[in-house]
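> Next comes the sequence, and after it the predicted model I'd like to discuss.
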Amino acid sequence: MTHLVTLIPGDGIGPEVAEATVRAVEAAGVSIEWERVEAGERALATLGHLIPDDVYASIEATHVGLKGPTATPIAGGHRSINVALRKRFGLYVNFRPVRMLAGLKTRYQDAAINLAIFRENTEDLYSGLEHEIVPGVVESLKIITQHASTRIARAAFEYARRENRAKIVAIHKANIMKLSDGLFLKCCREIASHYPEVQYSELIVDNACMQLVMRPETFDLLLLPNLYGDIISDLTAGLVGGLGIVPGANLGDHHAIFEAVHGTAPDIAGKNMANPTALMQSAALMLAHLGEREASARLQNAIEAAYANRDSLTGDVGGSATTTQFTDAVIRRMK
Ligand code: NAI
């Protein structure tokens, strides 16, 4: 069976890691017809729109996207494309599995890190509701709803049940934001009460950061509102080798977009230096989502096998190989 997938290469290192990933997916022995569309600053420059209509139309039709990073200007300029896509397609779950790749040398190489993040993807401070009340005073609205908090909690507990994961910790700052984070916790507790087999606990976000750095191997599933989820995703990526490694999935009831945690890495764009592991691992998640479990495992195993040889690795993880050389090494392991 041929799967139709929307491919958004994106900006900066996006096209390089996307091309590498397409090659690796094709070597995994699965038939994919890629519908390539442009979004991001390149699309703005060449087509006049950050998210041209054909991007929406394509995802609407294929239901599945693989996306490279897209640039968002800091303070001012256009809103994030990711936020727009997540809202448009109701992608309320941001799922990020964080696992130590065997063979990778990091400060935490001896810790058996195998955690996964469930980040609420549609509200919180990412609602983009900011305004100036009077000059010198700005208000930014943090929106937390029962509806969104309940559905992300349910997604995490359903995953725990399906994948036999033992523990979920909800992360919050309800000691200060008693109403908003308080509501998030209330919803998590309500859902937790229906899953007695999953051990449920809560941690204040600052303490969670400290515990993650000191004892990352004690964490299993993390359940977080949007902002804490964003920050802690990068923290946990740092534990297992950095942003070049960690994959991600934005999941809704009808659509899914798979993308790496990292950004456009303007400092190394166009130099054939970027590590495509994160997007390749995102593609492995995508293949499993498409029901191609064998191809997904083949790709995942090949990536992990490539990490056994330091000569195959890119600079960010201590090697000196190019994007192309790493990709060739992954593909060789699937032959
Ligand atoms: P970044 O993730 O692009 O870069 C941070 C550091 O990590 C840089 O030193 C970079 O070279 C390195 N890095 C990132 N990915 C790498 C990879 N695959 N291989 C090797 N090294 C890698 O974060 P930054 O600089 O904060 O953001 C740059 C741009 O990316 C901004 O416009 C931001 O809005 C955008 N961005 C987009 C995201 C997305 O589309 N999903 C996510 C995060 C940022």
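That came through, no problem.
> Now do the residue nearest to residue 266 when sequence neighbours are not counted, the pLDDT please.
Among residues not flanking residue 266 along the chain, residue 12 sits closest, at 5.3 Å (CB to CB, 6 or more residues apart in numbering). Just so you know, the C-beta spots here come from the backbone N, C-alpha and C atoms, and that holds for glycine as well. Confidence at residue 12, expressed as pLDDT, is 97.
> Check residue 2 too.
The score at residue 2 is 95. That number is its pLDDT.
> Show me which residues of the stretch 101-250 of the chain are close to the ligand?
Residues of the stretch 101-250 of the chain that fall close to the ligand, judged by CB under 6 Å from any ligand atom: 243, 244.
> what about 8 Å?
Contact residues (CB under 8 Å from any ligand atom) of the stretch 101-250 of the chain with the ligand: 242, 243, 244, 248.
> Using CSV, please lay out these together with distance to residue 191 and secondary structure.
Formatted as CSV, those follow (distance: CB to CB, whole Å; DSSP: H, G, I helix; E, B strand; the rest coil):
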residue, distance to residue 191, secondary structure
242, 33, coil
243, 30, coil
244, 34, coil
248, 22, coil
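> Stretch 53-62: which residues count as buried?
Residues 54, 55, 56, 58, 59, 62 are the ones in stretch 53-62 that count as buried (16 or more other CB atoms under 10 Å).
> And stretch 258-267, by the same measure?
258, 259, 260, 261, 262, 263, 264, 265.
> before we move on, back to that, between the residues of the stretch 101-250 of the chain next to the ligand, which is closest to the ligand?
residue 244 (3.4 Å; CB to the nearest ligand atom).
> The residue lying closest to residue 58 once chain neighbours are set aside: what secondary structure?
The spatially closest residue to residue 58, leaving aside those adjacent along the chain, is residue 6, at 4.3 Å (CB to CB, 6+ apart). The three-state label given to residue 6 by DSSP: H, G, I helix; E, B strand; the rest coil is strand.
> From the ligand, how far off is residue 6?
Applying CB to the nearest ligand atom, to the nearest Å, the value for residue 6 to the ligand is 15 Å.
> Could you give the bridge partners of that residue?
With DSSP bridges as the criterion, residue 6 is bridged to residue 35, residue 65.
> before we move on, the earlier item: what's the closest of the buried residues of stretch 53-62 to the ligand?
residue 55 (13.4 Å).
> what's the most distant pair in the buried residues of stretch 258-267?
Within the buried residues of stretch 258-267, 258 and 265 form the most distant pair, 18.4 Å apart (CB to CB).
> is it true that the residue nearest to residue 58 touches residue 37?
Yes - with contact defined as CB atoms under 8 Å, residue 6 counts as touching residue 37 (6.1 Å).
> Which one of the two is surrounded by more residues?
Remark: of residue 6 and residue 37, residue 6 carries more neighbours, 25 against 22, as counted by other CB atoms under 10 Å.
> show me the contacts for the more buried one.
Residue 6 sits next to 34, 35, 37, 55, 58, 59, 62, 64, 65, 66 when contact means CB atoms under 8 Å, 6 or more residues apart in numbering.
> For this structure, just list every one of the strands.
Along the chain, the stretches classed as strands by DSSP state E are 2-8, 31-36, 64-67, 93-99, 114-120, 130-134, 137-140, 167-172, 199-204, 221-224, 249-251, 256-259.
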